[in-house]
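Novice: Please find the sequence and the predicted model below.
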Amino acid sequence: MDENPERRYQPAMRVVSIGECMIELSGRSGTGWRQGFAGDTLNTLWYLRALLPDDAAADYVTAFGDDPFSAEQIAFLAENRIGIAQSPTIAGKAPGLYAIALDDQGERSFTYWRSEAAARHLADDADALNQSLAGADLVYFSGITLAILDAESRQRLIAALNAARDTGATVAFDPNYRPRLWPDRSEARAAIETGYRASTIVLPTFDDEAMLFGDALPDVTAERISAHGPATIIVKCGSAPALVRHGGTSEMIAPQAGIVPVDTTGAGDSFNGGWLAARLAGRDPADATRFAHLVAGRVIGHHGALLPVSDLADLRLVTTASG
């Protein structure tokens, strides 16, 4: 990444992602469902973990309940070499839940039950949160992370992110605006702008930014965000070229030709994971964007947000620029 490159590219690195892991119900058959786990920040960490070397440490920072489903979440993470740092356990709470239903035309709809989720308490304990981020090379969070927190908890999270950044961590942020999670646009704008200022890298999606801020073009998005201080901004534009802004210059990087999407769930999250993994491996922002397109193209060619790690073996990165 940008700061302290010698520290950044040591073989043993640590990446941390902060947010909400939910129970996912999908693949309905009659009254039966397939249960899994998913969430935007977890999806991105999944791809970081899959692409980084074995000696890299990965932690998912959230809050868990004291229920059987939370225990299953922790076990699922551990099985996939993801720790939980100092994530608290909240008595009487449980994970959020969402279900994916298909209509007769195959269109998806989502129903959520998350208002009392344990993850809303991930920043209740400032000391535990700071300990979770201490020593991280990369800390990643999203607009959904901000949206599930109350105002005081959001301030504690931003303070912890600022402290991590000031002690050498790269802080990456995907604004990932979801209107239904915010009471109004004004609060969303203010919180997301605070997220920009806490970050060294911002990975927005143009459609989200246009919806919230009225941006007309991706370069308007990049210019507006850069005024808040991030050194690197990668504006994702779906199947169109992504805008890479770094060092005061901008470049458009197109995805590979011939990608046929099967399921676009997790496309942006996997792009983010691929991009961040490539930067940790020493690639420049433009080359990291090409690699991120490659990862996302692989993911959308399959059903589901979490592609099996074995399906990414040929893309596995090492901590050198030639990885």
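Specialist: Structure received.
Novice: Geometric centre of this structure: which residue is closest?
Specialist: In the chain, the centroid-proximal residue (CA atoms, centre = their mean) is Thr41; its distance is 3.4 Å.
Novice: show me the contacts for that one.
Specialist: Ser17, Ile18, Gly19, Glu20, Tyr60, Tyr140, Phe141, Ser142, Ile144, Thr145, Asp269 (CB atoms under 8 Å, 6 or more residues apart in numbering). In this view, the C-beta of every residue, glycine as well, is placed from N, C-alpha and C.
Novice: Which pLDDT value goes with the closest residue to Ala57 other than its chain neighbours?
Specialist: Counting by CB to CB, 6 or more residues apart in numbering, Ala57 lies nearest to Arg14, which is 4.3 Å off, once chain neighbours are set aside. Arg14 is assigned 97 on the pLDDT scale.
Novice: Look at Arg14 and say how many residues are nearby.
Specialist: By the criterion of other CB atoms under 10 Å, Arg14 has 18 neighbours.
Novice: cool, and Val235?
Specialist: Val235 - counted by other CB under 10 Å - has 25 other residues nearby.
Novice: likewise Asp311?
Specialist: 13.
Novice: Ok, the one 4 residues further on next?
Specialist: For Leu315, the number of neighbouring residues by other CB under 10 Å comes to 17.
Novice: how near is Asp184 to Gly19?
Specialist: Relative to Gly19, Asp184 is positioned 22 Å away (CB to CB, to the nearest Å).
Novice: Give the residue from the two that has the larger number of neighbours.
Specialist: Legend: neighbour count by other CB under 10 Å for Asp184 and Gly19, higher for Gly19 (27 against 8).
Novice: Would you agree that one is in contact with Val139?
Specialist: No - between Gly19 and Val139 there is no contact under CB atoms under 8 Å: 11.3 Å.
Novice: wouldn't Asn80 be in contact with Trp46 here?
Specialist: Yes - Asn80 is within contact range of Trp46, at 7.2 Å (criterion: CB under 8 Å).
Novice: now what about stretch 66-83, what contacts it?
Specialist: With contact meaning CB under 8 Å, 6+ apart, stretch 66-83 is reached by 21, 23, 37, 45-46, 49, 54, 57-60, 64, 84, 89-95, 118, 309.
Novice: One more pass at 6 Å, please.
Specialist: With contacts defined as CB atoms under 6 Å, 6 or more residues apart in numbering, stretch 66-83 is touched by Cys21, Ile23, Phe37, Arg49, Ala58, Asp59, Tyr60, Phe64, Thr89, Ala91, Ala94, Pro95.
Novice: now do stretch 199-206
Specialist: Contacts to stretch 199-206, defined as CB under 6 Å, 6+ apart, come from residues 170-175, 196, 218, 221, 225, 230-237, 268, 272.
Novice: please redo it, this time with the cut-off set to 8 Å
Specialist: Contact partners of stretch 199-206, identified using CB under 8 Å, 6+ apart, comprise 1-3, 161, 165, 170-176, 195-196, 215, 218, 221, 225, 229-238, 243, 268, 271-272, 275-276, 279.
Novice: Just the C-alphas of it, formatted as PDB.
Specialist: Extracted in PDB, the C-alpha atoms of stretch 199-206 (Å, rounded to 0.1, in the frame of the first residue of the first chain):
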ATOM      1  CA  SER A 199      -9.400   6.000   5.400                       C
ATOM      2  CA  THR A 200      -6.300   5.800   3.200                       C
ATOM      3  CA  ILE A 201      -8.100   3.800   0.500                       C
ATOM      4  CA  VAL A 202     -11.700   4.100  -0.600                       C
ATOM      5  CA  LEU A 203     -13.400   1.600  -2.900                       C
ATOM      6  CA  PRO A 204     -16.800   3.000  -3.800                       C
ATOM      7  CA  THR A 205     -19.400   1.800  -6.300                       C
ATOM      8  CA  PHE A 206     -20.400   4.600  -8.600                       C
END
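Novice: Rounded mean pLDDT for the helix or strand harbouring Ala50, please.
Specialist: Ala50 belongs to helix 40-51 when elements are defined using DSSP states H and E. The pLDDT scores in helix 40-51 average 96.
Novice: CA atoms of the helix or strand following that helix as CSV?
Specialist: Toward the C-terminal end, the helix or strand that comes next after helix 40-51 (DSSP H and E) is strand 57-61. What follows is strand 57-61, C-alpha atoms only, in CSV (Å, rounded to 0.1, in the frame of the first residue of the first chain):
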residue,chain,number,x,y,z
ALA,A,57,-3.3,-13.6,9.7
ALA,A,58,-6.9,-12.7,9.1
ASP,A,59,-9.4,-11.6,11.8
TYR,A,60,-13.1,-10.8,11.5
VAL,A,61,-14.1,-8.2,14.1
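Novice: Brilliant, that's me finished.
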